[in-house]
Every structure is written in structure tokens, then in C-alpha cells.
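Asks: compute the structure for the input listed below.
(one chain, ligands or ions: 2)
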Amino acid sequence: MTGENLFIVHLALGGCLKAPPVRFGATADTGGHIAYVLDAAFAQARLSSVAKISIVTRLFDDKQLGAEHALPSEPAGPKITIDRVPTARRAYLEKEALAADLPAFTEAFCSHLARLPRLPDIIHAHFADAAAIALAARARFDIPVVFTPHSLGIDKRVQHSVCSVLEERIGGERHAIAMADAIIVSTRDEADHQIHAYGIADAASRIHCLPPGVPHRERPRSSSLLIARLAECLHDPHKPIVLAIARPVAKKNLAALVRAFTATPGLAETANLVILAGQRGGSRSSTEEREVLLELDCLCTDWGLYGRVALPPRHESGDVVALYQRAAQGGVFVNPALHEPFGLTLIEAAAAGVPVVATRNGGPGEIVETIGHGILVDPLDDAAIGSACLRIVSDASLHDRLSRAALRNIGAYDWSNYARRSVSLYAMLGRAYRAAAA
Ligand SMILES: O=c1ccn([C@@H]2O[C@H](COP(=O)(O)OP(=O)(O)O[C@H]3O[C@H](CO)[C@@H](O)[C@H](O)[C@H]3O)[C@@H](O)[C@H]2O)c(=O)[nH]1
Ligand SMILES: O=P(O)(O)OC[C@H]1O[C@](O)(CO)[C@@H](O)[C@@H]1O
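Replies: Residues are numbered from 1 along each chain as shown. Ligands and ions are numbered 1, 2, ... in the order given. Down below sits the predicted model:
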């Protein structure tokens, strides 16, 4: 690979994409794909064959979400910049509202590329909206396009009634799958089942299954304030914790965990429940987020759970590290999502030696099979969620066995492997384009 001197563009429109530390959960779209894009870029930048990485996103002006989102360019690390492309719309847009801005963003992105001293060798698009823009740029500049879907709509048909927004989303994904030069997915489930369901005859030959690595987190500067606050609000803070970390959106199914916690005999006596679900208090939260948080609050109030359950209203990156460390001490991490495309939290938990209880729908089945650190459950079965948690927190030898497996096998999820394989794919596509042009 030495001598390739690659210039990579990652393109991702949604959420609050900024140089670390990121405020995960600041909006409904500030979650896993942002961790993925940043960690992928940092690992790729460490390769000598990579000259420069530009992470391109929307410029927006919203002081509450952070002044950096209005900066045209922000250095993010060695060889990496975050470059923000403006359109006439300067407000933050939820992913559902991005579609209306796509024609303007496509024009602005192509003008941005045309102004660069050198065109990129590859555009890696995250989500189908970014892929549509990248494909328009490919038509103008002959730059190969790689597509990573992150969360495909097709399996959501089983969770939601069929509606025009979902069908439009699936249509956009079908176009991206049909047209991209290569598709990078995280799991075999996406490769063999989900993408297959889009019915694109030659898609299989362009799919590359590259599992991501463990998200990088800043360590707490000193002791975590959130852990100190938990000690004040929980009646018996020394009990192990049942921990969940997820954006407060309905598909993450966090209410089922609260119901399971209270309905499983012995669980609330053995452990405390801690749910980290986004950052509260900003006017940017969506109706869905407000409804999910209200439901969690109501469940805790109605069942008198405060003192045994904590729903911290906000957190910093270091608090997440501290919570996983706390959960490693006899506790368990739970992801009860109705469907989880991959599930970065399950590998974060493994890296900290925390056993997991996870939805059997989507990527978690493959992660738990690879690492061997937990129990899979039907997310619609509250009793199964509760009894799996109870088994782990009440059986020290099971906990120890799962925790050891987590630490032994987490190496299967490694950003340097991802970087090597993705960059050699980019280089191969570049060579094919050059050969076709010669
Ligand atoms: O309040 C919160 C909520 C989330 N997180 C973090 O944000 C990330 C969330 O990632 P993930 O659990 O994977 O979920 P999504 O945000 O839903 O991410 C999408 O994109 C990911 C990367 O492709 C996939 O793993 C997911 O399945 C897909 O739904 C993790 O690092 C969490 O620790 C926080 O720090 N605080
Ligand atoms: O909730 P959905 O529609 O599955 O989409 C996945 C979500 O996860 C994220 O990737 C989190 O980063 C969002 O950008 C996106 O909104």
C-alpha cells in the first residue's frame, strides 16, 4: 500500500459531527454512526498510505448544539479535518428533514470538490442520503463511491406499519446499494439477509463485511461526577448495576427493560438499574425522544422505583467509561432494542469486561456469538430480559466466565484491521477507475 498517497472523503450529513469529544445523545441522530466515522478516520489516518482525510458534513448555526458546527473547517487529528459545507438552510436538521436540502447540498458539495487543490481518491458515504450526493459527485468527477448503510430501513417494516416515509427511505437505500462501487457493512446479517432483501442482483459481489472496532472514549479526567451522583440518589449504591446506554428512541425499547427490572422477582433486590439515554434539557430533543423519556419517568414514578433506578439527565464521555467500569463489578449491560443493525454498545461493554443481555434481532446475535459474553433474548419478552439479567447478576461464576470471554475475544473488533481492509479496498477501486480511464 505504501506510495498510494490516498485522499479520502467520508461524507455524513446527520447529527452533530465534530472533533472529539462528541456529546453523544445531544440529538436523536448523534449516535453510533458518528463514533464509527470518527474512529474509522482516526485509524485510517495512521496508515502511511493515507495522505489526508476530510470528513464532510453539513454546516449549521445553532449555538445550543455548539459553535463549532458553523466552522467551515475544524482540525480533528493528524491528517484529518472536518469540513462543513453550507447551504441556504442554516438550521440543524433531523435526518427526516434532510431530504429537502439534498439538491442544494449536492450542488454545494460538488462546488466544494471543484475548489479543492486535489480531488479525493474515494468518497465513503454514510447512510443513503450521503450516497445519493456521492453518486452525483461521481458522475461529475469520476470518483469511486463506497456506501455504508449503518441502519437499513427494510427490517423496520416489521416494526412499523408500512408508510410513505419508510418506503422512500428504502427506495433511497435500494438506489445506493445498486449504484455504489462497493458496500461496507458491519455484519453477515446485513450482508446476507438485509441487503439481499433489496433484490439487487449483483449486490453480493460488491459487499465487504468489515466489523468496526471499539469506539474510542476519553477517560474521565478525575473521578466521574455522574458516579458520585449515583451514590447519592441510589438507596444502596454498592449493589451491581444493570446498565443500558442508548439514544431515547422507541426502537431501543428501553421501557421493556424498566418493566423487566420491576417484574422479575429478586432483580431489583439484587441490582440497581441505570439507564443513560441522551442529553436532556435542550430544546433540540424530538417529540419521539420526549415521549420515550416521559414513559421511562412515568414507569419509575408509578412503580416507586426511584432509589433503585437512575436516569441521569446528562453525561460526559468519561462518565460512559466510568459506568462500564462500574458495571464490570458484578453487573450487566442490556441492549433490548427491537432491532439493532450492529450494536456498538455491545463491543464497548465487552472491552470493559461487562457481560451482556442483548436483543436477538440484528447484529447482536453475531457479536455475542463471536465474543461469547452474554445471553440473547427476544426483545418483546420482558420476562426473558429480566431473567437473563438476574442469572448474570446473581451467579458470580457465570459473570466471571462471560467477563473473561469478553476480554479474551474483543480483539475480533479492531479499528486497525478495519482501516487496513477498507483502505486497500479504496486503493483497489482507485486503480480500477484509473485503468478504465486510461
Ligand atoms: O446517551 C447516549 C446514547 C448513546 N451513546 C453512545 O452512542 C453510541 C451508540 O451506538 P449504537 O449503540 O451502535 O447505536 P446507534 O446510535 O443506533 O447507531 C447506529 O449506527 C451504529 C454504527 O454503525 C450501529 O452500531 C447501530 O446498530 C445503528 O443503529 C455508543 O457508542 C453509545 O455508548 C452515548 O454515549 N450516550
Ligand atoms: O434510527 P434509525 O432510523 O435506525 O437510524 C439510525 C440512527 O442511528 C444513528 O446512526 C446514530 O448515530 C443516526 O444517525 C440514525 O438516526
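
Asks: show me where the stretch 101-250 of the chain has its strands.
Replies: Using DSSP state E, counting those that start in this stretch, the strands of the stretch 101-250 of the chain run over 122-126, 145-148, 182-185, 207-209, 241-245.

Asks: ok, the stretch 251-400 of the chain next?
Replies: 272-276, 309-310, 332-335, 356-359, 374-377.

Asks: could I get those strands as JSON lines with mean pLDDT, mean neighbour count and distance to Pro149?
Replies: Yep, even glycine has a C-beta here, placed from its N, CA and C like the rest. Below are the strands of the stretch 251-400 of the chain laid out as JSON lines (pLDDT from 0 to 100; neighbours: other C-beta atoms under 10 Å; distance: least, C-beta to C-beta, whole Å):
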{"stretch": "strand 272-276", "mean pLDDT": "97", "mean neighbour count": "24", "distance to Pro149": "26"}
{"stretch": "strand 309-310", "mean pLDDT": "96", "mean neighbour count": "22", "distance to Pro149": "34"}
{"stretch": "strand 332-335", "mean pLDDT": "98", "mean neighbour count": "30", "distance to Pro149": "19"}
{"stretch": "strand 356-359", "mean pLDDT": "98", "mean neighbour count": "29", "distance to Pro149": "19"}
{"stretch": "strand 374-377", "mean pLDDT": "98", "mean neighbour count": "23", "distance to Pro149": "23"}
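
Asks: of those strands, which is nearest ligand 1?
Replies: Nearest to ligand 1, of all those, is strand 272-276, at 4.9 Å by C-beta to the nearest ligand atom.

Asks: in the helix-or-strand element of the chain with minimal mean pLDDT, which residues are buried?
Replies: Every helix and strand of the chain was ranked by mean pLDDT, DSSP states H and E. The lowest is helix 225-233, at a mean of 89. Within helix 225-233, the residues that count as buried by 16 or more other C-beta atoms under 10 Å are 226-227, 230.

Asks: stretch 30-42 now?
Replies: Of the residues in stretch 30-42, 30-42 count as buried by neighbour count, 16+ other C-beta under 10 Å.

Asks: try stretch 140-155
Replies: Buried residues in stretch 140-155, counted by 16+ other C-beta under 10 Å: 143-155.

Asks: does it reach ligand 2?
Replies: Yes: against ligand 2, stretch 140-155 shows contacts by C-beta under 6 Å from any ligand atom at 150-151.

Asks: how long is that stretch from one end to the other?
Replies: In stretch 140-155, first residue to last residue: 33 Å (C-alpha to C-alpha, to the nearest Å).

Asks: same deal with stretch 244-258?
Replies: Its start and end residues considered, stretch 244-258 measures 10 Å (C-alpha to C-alpha).

Asks: avg pLDDT for that stretch?
Replies: Averaged across stretch 244-258, the pLDDT comes to 96.

Asks: how far away from the center of its chain is that stretch?
Replies: 14 Å (C-alpha atoms, centre = their mean, to the nearest Å).

Asks: before we move on, back to that, can you list the buried residues of stretch 140-155 in a markdown table and add pLDDT?
Replies: Putting the buried residues of stretch 140-155 into a markdown table (pLDDT from 0 to 100) gives the following:
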| residue | pLDDT |
| --- | --- |
| Ile143 | 98 |
| Pro144 | 98 |
| Val145 | 98 |
| Val146 | 98 |
| Phe147 | 98 |
| Thr148 | 98 |
| Pro149 | 97 |
| His150 | 96 |
| Ser151 | 93 |
| Leu152 | 93 |
| Gly153 | 91 |
| Ile154 | 88 |
| Asp155 | 80 |
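
Asks: look up the closest residue to Arg420, ignoring the ones flanking it.
Replies: Distances taken as C-beta to C-beta, 6 or more residues apart in numbering put Leu47 closest to Arg420, at 7.0 Å, once the chain neighbours are dropped.

Asks: check Pro313 too.
Replies: Arg280 (4.1 Å).

Asks: how much space between that neighbour and ligand 1?
Replies: Distance of Arg280 to ligand 1, computed by C-beta to the nearest ligand atom, to the nearest Å: 10 Å.

Asks: wait, that residue sits on His315?
Replies: No: contact criterion C-beta atoms under 8 Å: Arg280 and His315 do not qualify, at 10.1 Å.

Asks: show me which of the two is the more surrounded one.
Replies: Between Arg280 and His315, counted using other C-beta atoms under 10 Å, the more crowded position is His315 (21 against 15).

Asks: quick one on the thing from earlier: to ligand 1, which of the strands of the stretch 101-250 of the chain lies closest?
Replies: strand 241-245 (4.6 Å).

Asks: hmm, that closest one touching ligand 2?
Replies: No: Strand 241-245 lies apart from ligand 2 when judged by C-beta under 6 Å from any ligand atom; the minimum separation is 12.6 Å.

Asks: nearest residue to the closest residue to ligand 2 within the chain in space, please, no chain neighbours.
Replies: For the chain and ligand 2, the shortest gap (C-beta to the nearest ligand atom) falls at Gly31, measuring 2.9 Å. Distance criterion C-beta to C-beta, 6+ apart; nearest residue to Gly31, sequence neighbours excluded, is Arg247 at 4.9 Å.

Asks: what is the burial count for that neighbour?
Replies: Residues near Arg247, counting by other C-beta under 10 Å: 24.

Asks: can you check the one 4 residues further on too?
Replies: Counted by other C-beta under 10 Å, the residues lying close to Lys251 total 19.

Asks: would you turn the buried residues of stretch 30-42 into a markdown table with distance to ligand 1?
Replies: Converted to a markdown table, these look like this (distance: C-beta to the nearest ligand atom, whole Å):
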| residue | distance to ligand 1 |
| --- | --- |
| Thr30 | 8 |
| Gly31 | 2 |
| Gly32 | 2 |
| His33 | 5 |
| Ile34 | 8 |
| Ala35 | 5 |
| Tyr36 | 4 |
| Val37 | 9 |
| Leu38 | 11 |
| Asp39 | 10 |
| Ala40 | 10 |
| Ala41 | 14 |
| Phe42 | 15 |
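
Asks: turn those into TSV, including secondary structure.
Replies: Output for the buried residues of stretch 30-42, formatted as TSV (DSSP: H, G, I helix; E, B strand; the rest coil):
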residue	secondary structure
Thr30	coil
Gly31	coil
Gly32	helix
His33	helix
Ile34	helix
Ala35	helix
Tyr36	helix
Val37	helix
Leu38	helix
Asp39	helix
Ala40	helix
Ala41	helix
Phe42	helix
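
Asks: contacting residues around stretch 88-103?
Replies: Contact with stretch 88-103 is made by 13-16, 27-29, 58-62, 65, 69-70, 87, 104, 127, 129, 132-133, 165, 168, 284, 286, as judged by C-beta atoms under 8 Å, 6 or more residues apart in numbering.
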